[in-house]
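> Coordinates for the following, if possible.
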Amino acid sequence: MAQASLPSSEIIEFPSPEDWLSSKEWSRVKPSDSVAVQVGAHPPGSSTELLDSSVRIARGPLVAQDVLVINDDGDTRALLRSAFQDQGYTVDAAASAGEGLALLRQRRYRILLLDMLPEAQGHELLNTFQGDPALRPAAIIVLPSQNQEAAVRSALAAGADDYLTMPVGMHDLMRRVRLWLRGVEAAIPGSRANRSGLQVHTLGRFYVEYRGEVRLYEGGKARKACALFKFLLTHHGRFVAASTVQELLWPGVPESIAVVDLRSMLYQLRKLLKGASQSAWPLEHTGTTLRLCLSPDDWWDADEFSAWLVEAAKLRRAGAIDQAMAAYKAAIALYKGDYLEDALLEDWATATRYQLSEEWRRALEALAALHGERGDRVEQGRLLRLVLRADPYREQSYRALMTLLALDGRGAEALILYHQLRTLLRVELGTGPDPQTQALASRITQPM
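As a prediction, the model looks like this:
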């Protein structure tokens with residue numbers, strides 16, 4: 001019914017993760033082709049208790065690391081260090097804000113995991129970054145305990161980007177850090193080509209690349225291998241009967257022949273994606289079942305899109321509106337079109353396509369609402385019109401846009417919009433607007 005794809009001129013208006021992270025001072029201190037950074041002397045008069053002579057280190061070229069952990073509990077520091085190293089990340093750990101600041105003067109970090117510590121020290125460190133942004137990691141995640149809601153709000157207001165309530169499962173923590181590290185990598189020129197795993201693109205045009213080289217794409221010679229990968233990807237993490245795949249790719253072919261063809265197809269996929277898997281081969285074939293499981297080294301735009309939306313909703317609930325808006329924009333920037341838009345006739349992709357397009361429209365509506373709360377009616381209206389262009393039957397967006405127009409003194413335009421909706425519903429569906437929409441139109445027609 002609704003077409004989610006937009007002209008490129010519409011898509012590029014959304015800030016990308018690169019733009020977002022650049023606004024976080026990353027571009028101010030990162031070189032264009034190296035991680036070595038020269039940092040100037042600390043501004044006079046901006047020192048605090050954390051900036052005493054005991055932690056001053058001569059400034060010179062900084063060495064980039066993935067993660068810095070600041071936590072005053074030794075067991076927790078050791079656990080986090082070990083867990084990140086097991087995942088292949090470079091990590092340092094500090095027992096106090098002062099020790100952490102000393103490390104920040106020696107090295108450049110992509111992610112800071114900051115225990116709330118004595119709360120005053122944590123806030124003092126965040127304030128230090130405001131005075132000396134060259135020290136600031138690209139992303140800061142605070143780790144409060146369950147009774148520190150107020151501390152979380154003040155930390156986000158002081159410049160932290162995210163939070164994760166302790167205790168937290170290691171899987172959840174790693175997933176969150178991977179999300180932020182991918183965003184940080186996007187801000188570094190050339191980093192995409194250096195990612196260690198596959199980059200799978202499914203929002204819009206389908207293709208799979210490895211280190212900047214496209215290995216699999218729609219329209220290539222490996223047509224059936226491409227179809228197999230897309231089918232298993234859509235059922236990601238779930239076992240699929242081999243007989244189902246055989247019937248999909250070789251309908252009407254005797255099973256004995258289809259079994260051989262499937263093995264040949266899996267061999268072809270291995271050859272196409274050779275070297276792209278840094279851990280286990282992502283395709284599992286037991287003989288009777290198949291399963292595709294991307295590794296932590298791999299990147300999939302649909303998974304990244306959904307992860308940013310979860311992050312945005314969480315931040316919005318926490319009242320961190322700036323961060324929530326940035327997360328929504330990061331998700332929207334990933335949505336280049338409908339899921340596997342080159343497989344529109346494939347029934348197995350329909351449910352995922354609809355789910356992701358619905359999530360995209362809701363993200364636009366949520367971001368529009370946040371702009372409205374900020375008083376930015378121009379951007380709110382633009383986003384609502386994008387929603388209606390994608391789904392002209394979406395009455396809640398009609399009501400939001402009608403309300404916005406009425407508040408701006410453009411009641412006549414709001415009523416024209418209402419009549420357009422009423423005509424569309426009558427002609428296409430043989431029905432009319434919801435009572436709520438009708439009541440809104442009546443209030444606009446007869447203002448108090």
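> Which parts of the stretch 201-350 of the chain are strands?
207-210, 213-217, 240-241, 283-285, 289-292, 299-300 (DSSP state E, counting those that start in this stretch).
> Lowest average confidence across helices and strands of the protein, where is it?
Of all helical and strand segments in the chain, the minimum by mean pLDDT, DSSP states H and E falls on helix 8-11, at a mean of 29.
> Next up, the contacts around the closest residue to residue 258 other than its chain neighbours.
For residue 258, ignoring the flanking residues on the chain, the nearest one in space by Cβ to Cβ, 6 or more residues apart in numbering is residue 246 at 3.8 Å. Heads up, the C-betas are built off the backbone N, CA and C, glycines and all. With contact taken as Cβ atoms under 8 Å, 6 or more residues apart in numbering, residue 246 is in contact with 253, 255, 258-259, 261-262.
> make it 7 Å
Applying Cβ atoms under 7 Å, 6 or more residues apart in numbering to residue 246 gives the contacts 255, 258-259, 262.
> do the same with residue 284
Shown in contact with residue 284 (Cβ under 7 Å, 6+ apart): 290-291, 293.
> Quick one: buried ones out of those residues?
Those of the contacts of residue 284 that meet the buried threshold are 290-291, by 16 or more other Cβ atoms under 10 Å.
> could you dump the contacts of residue 284 to TSV with pLDDT and distance to residue 302?
Output for those, formatted as TSV (pLDDT from 0 to 100; distance: Cβ to Cβ, whole Å):
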residue	pLDDT	distance to residue 302
290	94	20
291	93	17
293	90	15
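> And this protein, split by domain according to the record?
Using automatic domain parsing, the domain ranges for the chain come out as 31-186, 194-297.
> show me where pLDDT drops low in the chain?
Scanning the chain for pLDDT under 70 picks out the ranges 1-64, 117, 119, 182-196, 220, 275-280, 447-448.
> hmm, back to that, CSV for the contacts of residue 284, including distance to residue 108?
Output for the contacts of residue 284, formatted as CSV (distance: Cβ to Cβ, whole Å):
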residue, distance to residue 108
290, 43
291, 39
293, 33
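> Next secondary structure element downstream of the helix ranked longest in the chain?
Assignment by DSSP state H gives helix 350-373 as the longest helix of the chain. Per DSSP states H and E, helix 350-373 leads on to helix 377-390 as the next helix or strand towards the C-terminus.
> contact partners of whichever helix or strand comes after that next one?
Counting by DSSP H and E, the next helix or strand C-terminal to helix 377-390 is helix 395-407. Contact with helix 395-407 is made by 365, 368, 377, 380-381, 384-385, 387-388, 411, 413-414, 417-418, 421, 433-434, 436-437, 440, 444, as judged by Cβ under 7 Å, 6+ apart.
> Dump helix 395-407 to PDB, keeping only the CA atoms.
The C-alpha trace of helix 395-407 is given here as PDB (Å, rounded to 0.1, in the frame of the first residue of the first chain):
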ATOM      1  CA  GLU A 395      -4.700   9.200  10.000                       C
ATOM      2  CA  GLN A 396      -2.700  10.000  13.100                       C
ATOM      3  CA  SER A 397      -0.200  11.900  11.000                       C
ATOM      4  CA  TYR A 398      -3.000  13.700   9.200                       C
ATOM      5  CA  ARG A 399      -4.300  14.800  12.600                       C
ATOM      6  CA  ALA A 400      -0.800  15.900  13.800                       C
ATOM      7  CA  LEU A 401      -0.300  17.900  10.600                       C
ATOM      8  CA  MET A 402      -3.800  19.400  10.700                       C
ATOM      9  CA  THR A 403      -3.200  20.500  14.400                       C
ATOM     10  CA  LEU A 404       0.100  22.000  13.500                       C
ATOM     11  CA  LEU A 405      -1.300  24.000  10.600                       C
ATOM     12  CA  ALA A 406      -4.200  25.200  12.700                       C
ATOM     13  CA  LEU A 407      -1.800  26.400  15.500                       C
END
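> Pull out the buried residues from it.
395, 397-406.
> Grab the nearest non-local neighbour of the residue minimising distance to the centre of the chain.
By Cα atoms, centre = their mean, the mean C-alpha position of the chain lies nearest to residue 308, the distance being 3.2 Å. Of all residues not flanking residue 308 in the chain, residue 331 sits nearest, at 3.7 Å (Cβ to Cβ, 6+ apart).
> State the distance from the one you found to residue 151.
Noted for residue 331: a distance of 27 Å to residue 151, by Cβ to Cβ, to the nearest Å.
> neighbour-wise, which of the two wins?
More crowded of residue 331 and residue 151, by other Cβ atoms under 10 Å: residue 331, with 26 against 17.
> Tell me if I'm right that the more buried one and residue 363 touch.
Yes: counting by Cβ atoms under 7 Å, residue 331 touches residue 363, with 5.5 Å between them.
> Now list whatever residues contact both of the two.
residue 309.
> Which residue, other than its chain neighbours, is closest to residue 431?
Spatial nearest neighbour of residue 431, excluding adjacent residues (Cβ to Cβ, 6+ apart): residue 425 at 5.2 Å.
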